[in-house]
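Chemist: Fold the stuff below for me.
(chains A, B, C and D)
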There are 2 protein chains.
Amino acid sequence: MDERERRRIPEATVSRLPLYYRALLETAERKTTTISSERLAEMAGVNAAKVRKDLSYLGSYGTRGVGYDVEYLLAQISQELGLTERRPVIIAGVGRLGQALANYAGFTARGFEVVALLDADPALVGERVGALAVESMGDLARIVRERAVAIAIVAVPAEAAQQVADDLVAAGVTAILNFAPKVIQVPDHVTLRKVDLAIELQILSFYEQRSGPQVSEVAAPVEPIARPAAALDFGEAAL
Amino acid sequence: MDERERRRIPEATVSRLPLYYRALLETAERKTTTISSERLAEMAGVNAAKVRKDLSYLGSYGTRGVGYDVEYLLAQISQELGLTERRPVIIAGVGRLGQALANYAGFTARGFEVVALLDADPALVGERVGALAVESMGDLARIVRERAVAIAIVAVPAEAAQQVADDLVAAGVTAILNFAPKVIQVPDHVTLRKVDLAIELQILSFYEQRSGPQVSEVAAPVEPIARPAAALDFGEAAL
DNA sequence: GCATGTGAATAGATTCACAGCG
DNA sequence: CGCTGTGAATCTATTCACATGC
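Modeler: Modelled structure (predicted):
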């Protein structure tokens, strides 16, 4: 395979690379030098064919009859994920979620470094959260520039999310991870991903309900009940 | 379409229903009674054809030339998602993330109610977090039974995740949302979803890196650098 | 012999484009 | 006439199954 023409990794594969990465880190810790697609699949919670296909997109660095070299594969994947050096990240919004994220050990362990916490609330500015002091949103542009930040986490209330995203983009951020329960728009050159905690629960709820209450009180065949008082409330308040 | 044979909603559709739900709640608040697929698509951040196809799986309750009745659609979707009544949820692991989740207003606003916080650490048991006191893991089975819990959130460290999941399943939980950065195994009758915060950042990092550093210091064509000291560390510690 | 790598087959999701109906 | 509903076309992802090469 041509060294320069192994680009264009399918989205589904990209979203699994971090899983392999994590599994490989674990494996490396145990001083195991080689791993089969089967074992890797088991650790990552997928199937072996998928692992092989996925890894083949990176350029196929396995050895037939043997498996993959753990260290080498780790290096390849870090390379792809842009984790060969520590990446500075800022967090906008220092509510409860923002604080939890600020202290989340997993980011650091995976090569990300939270280099600033920002909040619009003047009362919060100056407060310490972990090792960092909260800074003002007004200093955003300077901070992004000086600390070479490309990635930002948005953990502000839904109402503020779009404005904050606009500000981040204007400041030069090119990737946003949005935790606010709100769809936000960004220009094409900016990468956006979202995590909505309530949505995850709702999806779970769907499948849970399907599998039928285990205790089986299978009430009357679920009719489209006469419009349950639908809206619960919308104020999103505390992130 | 047959009232009984409109089952089997595609996974991709299920994962978008909560998006529509949110958009519809917003719309309902504005006292708007009707909405087009186009408008709904815009609010949910998808395209109109997708909205129509998705909604058609629920049984097609729109009116041609007009659009969808907001209240009615809301009722249909809550129905599907099992949100017609408040669903009790427990959180296992009261570290920083657990606490943030415990206080997350979005859950309540979407029909979930956190009815217990559990931790294995005796020092934490009895501590108040928001409106709840932390309870002991030892009381898990009783709590699940008495409070009719089907859904649990796992926010414990990676090392403890599998054990906690096993305990939850044994206690009768049938749906788990896992925040621990670890693949966990559950029996078939249990629904599992995962949210891995570091993984989301890694995926973002991949695409960010792709789009090329905006400031373009396009260094030497990225060679598979001589194996960067791959493993950073694995201890996952503080969730 | 054994586990990778990959074409070919299948399944699933998205998009198109227009018929159908209020 | 406008907007839904949906087959058909397309694109993407997964899985199969086996030739390939260490």
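Chemist: in chain A, which spans are strands?
Modeler: Remark: strands of chain A, listed N- to C-terminal, are A:34-35, A:62-63, A:67-69, A:87-92, A:112-119, A:128-129, A:132-136, A:151-154, A:175-178, A:191-194; assignment by DSSP state E.
Chemist: With respect to burial, which of those scores highest?
Modeler: Of these, the one with the most neighbours on average (mean count of other Cβ atoms under 10 Å in any protein chain shown) is strand A:151-154, at a mean of 26. Where you see a C-beta, it was placed from the backbone N, CA and C, and this is true even at glycine.
Chemist: Does chain B have contacts with that one?
Modeler: Yes: against chain B, strand A:151-154 shows contacts by Cβ under 8 Å from any Cβ of the partner chain at A:151, A:153.
Chemist: Which strands border that strand, and is each parallel or antiparallel?
Modeler: If you go by DSSP bridges, strand A:151-154 pairs up with strand A:87-92 (parallel), strand A:175-178 (parallel).
Chemist: Which of the helices and strands in chain A ranks last by mean pLDDT?
Modeler: Taking mean pLDDT, DSSP states H and E as the measure, the helix or strand of chain A with the lowest value is helix A:105-109, at a mean of 91.
Chemist: For the strands of chain A, could you give me CSV that also reports mean pLDDT and distance to residue B:154?
Modeler: Listed next are these as CSV, based on pLDDT from 0 to 100; distance: least, Cβ to Cβ, whole Å:
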stretch, mean pLDDT, distance to residue B:154
strand A:34-35, 98, 26
strand A:62-63, 96, 33
strand A:67-69, 98, 30
strand A:87-92, 98, 23
strand A:112-119, 98, 22
strand A:128-129, 96, 25
strand A:132-136, 98, 28
strand A:151-154, 98, 22
strand A:175-178, 98, 21
strand A:191-194, 98, 21
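Chemist: now those as TSV including distance to DNA strand C?
Modeler: Conversion of these to TSV gives the following (distance: least, Cβ to the nearest atom of the strand, whole Å):
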stretch	distance to DNA strand C
strand A:34-35	7
strand A:62-63	3
strand A:67-69	4
strand A:87-92	28
strand A:112-119	28
strand A:128-129	37
strand A:132-136	38
strand A:151-154	23
strand A:175-178	19
strand A:191-194	15
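Chemist: Mind putting those into CSV with distance to residue B:152?
Modeler: CSV is the format used below for the strands of chain A (distance: least, Cβ to Cβ, whole Å):
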stretch, distance to residue B:152
strand A:34-35, 32
strand A:62-63, 38
strand A:67-69, 35
strand A:87-92, 27
strand A:112-119, 28
strand A:128-129, 28
strand A:132-136, 32
strand A:151-154, 26
strand A:175-178, 25
strand A:191-194, 23
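Chemist: quick one, what contacts the nearest residue to residue A:177 once chain neighbours are set aside?
Modeler: Distances taken as Cβ to Cβ, 6 or more residues apart in numbering or on different chains place residue A:153 nearest to residue A:177, at 4.9 Å, with adjacent residues excluded. Contacts for residue A:153 (Cβ atoms under 8 Å, 6 or more residues apart in numbering or on different chains) come out as A:89-92, A:98, A:101, A:176-177, A:179, B:201.
Chemist: now do 7 Å
Modeler: Listed by Cβ atoms under 7 Å, 6 or more residues apart in numbering or on different chains, the contact partners of residue A:153 are A:89, A:91-92, A:101, A:177, A:179.
Chemist: of these, closest to residue A:171?
Modeler: Checking the contacts of residue A:153 against residue A:171 with Cβ to Cβ, the nearest one is residue A:92 at 10.1 Å.
Chemist: Quick check: the closest one touching residue A:151?
Modeler: No: at 11.4 Å, residue A:92 does not count as touching residue A:151 under the criterion of Cβ atoms under 7 Å.
Chemist: who does the least confident helix or strand of chain A touch, helix- and strand-wise?
Modeler: Helices and strands touching helix A:105-109, by 3 or more Cβ pairs under 7 Å, 6 or more residues apart in numbering or on different chains; DSSP states H and E, are helix B:197-210.
Chemist: which residues of chain A score low on pLDDT?
Modeler: Of all residues in chain A, those with pLDDT under 70 make up the ranges A:1-7, A:212-238.
Chemist: Which residues of it lie near DNA strand C?
Modeler: Counting by Cβ under 7 Å from any atom of the strand, chain A comes close to DNA strand C at A:1, A:36-38, A:48-49, A:52-53, A:55-56, A:60-68.
Chemist: My guess is residue A:193 contacts residue B:206. True?
Modeler: No: counting by Cβ under 7 Å, residue B:206 is not a contact partner of residue A:193; they are 10.4 Å apart.
Chemist: From residue A:239, how far off is residue A:158?
Modeler: Between residue A:158 and residue A:239 the computed distance is 8 Å (Cβ to Cβ, to the nearest Å).
Chemist: domains for chain A, by residue range?
Modeler: In the domain annotation for chain A, the residue ranges read A:11-79, A:87-197 (automatic domain parsing).
Chemist: Export the ones you listed to TSV and append columns for distance to residue B:80.
Modeler: Below are the domains of chain A laid out as TSV (distance: least, Cβ to Cβ, whole Å):
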stretch	distance to residue B:80
domain A:11-79	25
domain A:87-197	17
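Chemist: Among the ones you listed, pick out the one with the most neighbours on average.
Modeler: domain A:87-197 (a mean of 20).
Chemist: Can you confirm whether that domain lies near DNA strand D?
Modeler: No: applying Cβ under 7 Å from any atom of the strand, one finds that domain A:87-197 is not in contact with DNA strand D, the shortest distance being 14.5 Å.
Chemist: tell me how far that domain is from the chain's mean position?
Modeler: The chain centre lies 13 Å from the centre of domain A:87-197; the measure is Cα atoms, centre = their mean, to the nearest Å.
Chemist: what ranges do the helices span in chain A?
Modeler: Residue ranges of the helices in chain A, as given by DSSP state H, are A:11-14, A:17-29, A:37-44, A:48-58, A:70-81, A:96-102, A:105-109, A:140-146, A:158-171, A:197-210.
Chemist: got the ones you listed as TSV, with distance to residue B:27 columns?
Modeler: TSV is the format used below for the helices of chain A (distance: least, Cβ to Cβ, whole Å):
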stretch	distance to residue B:27
helix A:11-14	30
helix A:17-29	36
helix A:37-44	40
helix A:48-58	39
helix A:70-81	38
helix A:96-102	26
helix A:105-109	36
helix A:140-146	32
helix A:158-171	15
helix A:197-210	17
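Chemist: so which of those gets nearest residue B:85?
Modeler: Using Cβ to Cβ and comparing the helices of chain A, the one that lies nearest residue B:85 is helix A:197-210, at 11.0 Å.
Chemist: Centre of the chain to that closest one, how far?
Modeler: Its chain's average C-alpha position is 19 Å from that of helix A:197-210, according to Cα atoms, centre = their mean.
Chemist: Mind exporting the C-alpha coordinates of it to CSV?
Modeler: The C-alpha atoms that make up helix A:197-210 are tabulated as CSV, following Å, rounded to 0.1, in the frame of the first residue of the first chain:
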residue,chain,number,x,y,z
LEU,A,197,-26.0,13.4,28.9
ALA,A,198,-29.8,13.5,29.0
ILE,A,199,-30.0,12.2,25.5
GLU,A,200,-27.9,9.2,26.3
LEU,A,201,-30.3,8.4,29.1
GLN,A,202,-33.2,8.8,26.8
ILE,A,203,-31.7,6.4,24.3
LEU,A,204,-31.1,3.9,27.1
SER,A,205,-34.6,4.4,28.3
PHE,A,206,-35.9,3.4,24.8
TYR,A,207,-34.1,0.1,24.8
GLU,A,208,-34.8,-0.6,28.4
GLN,A,209,-38.5,-0.1,27.8
ARG,A,210,-38.3,-2.4,24.8
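Chemist: Perfect, that will be all.
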